[in-house]
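K.L.:
sharing a model prediction with you, sequence too.
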Amino acid sequence: MSEFVQSFMQNLKAKNPSQPEFIQAVQEVIESLAPVIERHPEYIECKLLERIVIPERTMIFRVPWLDDAGKVQVNTGYRVEFNSAIGPFKGGLRFHPTVNLGILKFLGFEQVFKNSLTTLPMGGGKGGSDFDPKGKSDNEVMKFCQSFMNELFRYIGPDTDVPAGDIGVGGREIGFLFGQYKKLANEFTGVLTGKGLAWGGSLIRPEATGYGTTYFAREMLKTRGESLKGKVATVSGSGNVAQYAVQKITELGGKVVTLSDSDGSIYDSKGIDAEKLAFVMNLKNVKRGRIKEYADKYSCEFLAGKRPWGVKCDVAFPCATQNEVDVNDANALVKNGCKCVSEGANMPSTPEAVDVFLKAKILFGPGKAANAGGVATSGLEMSQNSLRLSWTREEVDQRLDGIMCAIHTQCANAMDEYKCKDNYVMAANIAGFKKIADAMMAQGLV
Ligand code: NDP
């Protein structure tokens, strides 16, 4: 089997040069699937793996716009429609200068398995642009979003492809994108998720990824008779996912002592309470400032240019970006007694870091399971839009919690069936894959 993996990966690398993140994401999945493939030779015969790593369709387009000085700017837009075997393509849009095709293929590929785990009927996709919203005026962001949608609107629709937010795309951007789609298509449908409450959004959607990651950590800790109560937690990032992870961890009795952005981390040993979190939300979502201002306001430590993984903790929540926990960070976490890592971000741990966690037998929840609460609640937003109904906060939160428990149960079942105790990476990949594979087999060569 390892021979098969080796030649499969060699081929993939040759066909996808300069896409290291995509290769990294596929490698992890393919290695995990070895025991499944052994039981199902028909997957090999039907070239299922060769098919599953190629997106069904990829769009790359020009996005020209005028800045506030009246100068022409131009960015590249993308939408990768990866797999629609179990539902319409679904996955976020990322606006960040580092966005390229390889990054979006990694995210789209991960999304396929994550969406499958949610138990909801959603295929996988991802999109975005190398546009940097940082430092742009609201007017410039609107101009960009309108131009981006002028092209994207041809490919999306409530039963075709339903984008959402991701890094750099929050409520403001979804508003501008939705407004332009509505104008071009002349219809009011649930074509994007993460919408405002007054115009088709779901309660709990902004909170969902951070809450879900915390619920998943709670479920993992439960398997060892532990809870979040009294635990010290480190969180990275200070955007959407990080903010609501802090809120839920605190609510469940934990104490969060760090946050970060691309300039560095704050370390507040007293804990980030509700009042301090409100300051962070205003700083990041309204003033669009830097996390260092927290350290200035609350007189705590600012670790310039550093990630928070050197800070002693019981539980860690990487909630910023891919590959933000390397092997040294992982060793530091384990050495400092960290018992559980729940990934709010997508692929924040490098493969070497994941190996450290698995060898140390700490509880490690990979992003495709642990951060699936965001897209799951997007799925709930789609259901409410189709029903033309709005569920209460309690109802959505309860469903979200139920879905995170169901994802944990699917992982636990795969661990039993495939004898990979405590290996949530392998279990999540297997459980997510099986449903997609069976659907693809049933639908023939499409
Ligand atoms: P936001 O844009 O709201 O926040 C991102 C945060 O991460 C910011 O604090 C940002 O700092 C930091 N960050 C981004 N890039 C880097 C970098 N290269 N180095 C260090 N810090 C960085 O995004 P979200 O909170 O929505 O997303 C965070 C992660 O969670 C991403 O991996 C995303 O794919 C994943 N995710 C998000 C979901 C959602 O529902 N939003 C769903 C599932 C996963 P700065 O401001 O300095 O850039």
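P.N.:
The structure has been received and is ready for your questions. What you see is a predicted model; the values in this text were computed from it and never measured.

K.L.:
nearest to the ligand within this structure, name that residue for me.
P.N.:
Gly239 (1.9 Å; C-beta to the nearest ligand atom). Every C-beta, even on glycine, is put in place using the N, C-alpha and C of the backbone.

K.L.:
could you pull out the strands for this structure?
P.N.:
57-66, 72-83, 89-95, 124-129, 161-164, 232-235, 255-261, 264-267, 301-304, 315-317, 340-342, 363-365 (DSSP state E).

K.L.:
any idea which of those strands is most buried?
P.N.:
Comparing these by mean neighbour count (mean count of other C-beta atoms under 10 Å), strand 315-317 ranks first with a mean of 31.

K.L.:
what helices or strands is it leaning on?
P.N.:
helix 205-222, strand 232-235, helix 240-251, strand 340-342 (3 or more C-beta pairs under 8 Å, 6 or more residues apart in numbering; DSSP states H and E).

K.L.:
now that strand: average pLDDT?
P.N.:
In this model, strand 315-317 has a mean pLDDT of 98.

K.L.:
and it, how far out from the chain middle?
P.N.:
Remark: strand 315-317 is offset 16 Å from the chain centroid, using C-alpha atoms, centre = their mean, to the nearest Å.

K.L.:
how much space between Gly165 and Ala406?
P.N.:
24 Å (C-beta to C-beta, to the nearest Å).

K.L.:
give me the more crowded residue out of the two.
P.N.:
Of the pair Gly165 and Ala406, Gly165 is the one with more neighbours under other C-beta atoms under 10 Å, namely 27 against 15.

K.L.:
and that one, what's its pLDDT?
P.N.:
Predicted confidence (pLDDT) for Gly165: 96.

K.L.:
so which of the strands of the chain gets nearest Asn385?
P.N.:
strand 161-164 (9.3 Å; C-beta to C-beta).

K.L.:
what's the closest one packed up against?
P.N.:
strand 72-83, strand 89-95, strand 124-129, helix 373-387.

K.L.:
one step back: with distance to Ala376 added, can I get the strands of the chain in CSV?
P.N.:
Formatted as CSV, those follow (distance: least, C-beta to C-beta, whole Å):
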stretch, distance to Ala376
strand 57-66, 24
strand 72-83, 17
strand 89-95, 10
strand 124-129, 13
strand 161-164, 11
strand 232-235, 21
strand 255-261, 23
strand 264-267, 29
strand 301-304, 33
strand 315-317, 18
strand 340-342, 15
strand 363-365, 15
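
K.L.:
so what's the residue nearest to Tyr294 when sequence neighbours are not counted up against?
P.N.:
Among residues not flanking Tyr294 along the chain, Ile266 sits closest, at 4.9 Å (C-beta to C-beta, 6 or more residues apart in numbering). Shown in contact with Ile266 (C-beta atoms under 8 Å, 6 or more residues apart in numbering): 258-260, 291-292, 294-295, 300-303.

K.L.:
recalculate using a threshold of 7 Å.
P.N.:
Counting by C-beta atoms under 7 Å, 6 or more residues apart in numbering, Ile266 touches 258-259, 291, 294-295, 300-302.

K.L.:
same check, this time on Glu219
P.N.:
Glu219 makes contact with 404-405, 408, according to C-beta under 7 Å, 6+ apart.

K.L.:
ok, and the most crowded of these?
P.N.:
Met404 (26 neighbours).

K.L.:
I'd like the distance between the residue nearest the centre of the chain and Phe106.
P.N.:
Nearest residue to the geometric centre of the chain (C-alpha atoms, centre = their mean): Asn346, 4.4 Å. Distance, Asn346 to Phe106, using C-beta to C-beta: 8 Å.

K.L.:
ok, Leu380 next?
P.N.:
Taking C-beta to C-beta, one finds Leu380 at 26 Å from Phe106.

K.L.:
same thing with Asn11?
P.N.:
17 Å.

K.L.:
find me the pLDDT at Val354, would you?
P.N.:
98.

K.L.:
nearest spatial neighbour of it, chain-adjacent residues omitted?
P.N.:
In space, Val354 is closest to Val425, 6.2 Å off (C-beta to C-beta, 6+ apart).

K.L.:
test my guess that the one you found contacts Pro366.
P.N.:
Yes - because the distance of 4.9 Å satisfies C-beta atoms under 7 Å, Val425 is recorded as touching Pro366.

K.L.:
those two: who's more crowded?
P.N.:
Pro366 (30 against 24).

K.L.:
the more buried one contacts Met426, correct?
P.N.:
No - counting by C-beta under 7 Å, Pro366 stays clear of Met426, with 9.4 Å between them.

K.L.:
what's the longest helix seen in the chain packed up against?
P.N.:
In the chain, with assignment by DSSP state H, the single longest helix is helix 393-417. On a contact count with 3 or more C-beta pairs under 7 Å, 6 or more residues apart in numbering; DSSP states H and E, helix 393-417 meets helix 205-222, helix 373-387, helix 424-443.

K.L.:
from the rest of the structure, what touches that helix?
P.N.:
With C-beta under 7 Å, 6+ apart, helix 393-417 has contacts from 117-119, 202-204, 208, 211-212, 215-216, 219, 369, 372-373, 376-377, 380, 421, 423-424, 427-428, 430-431.
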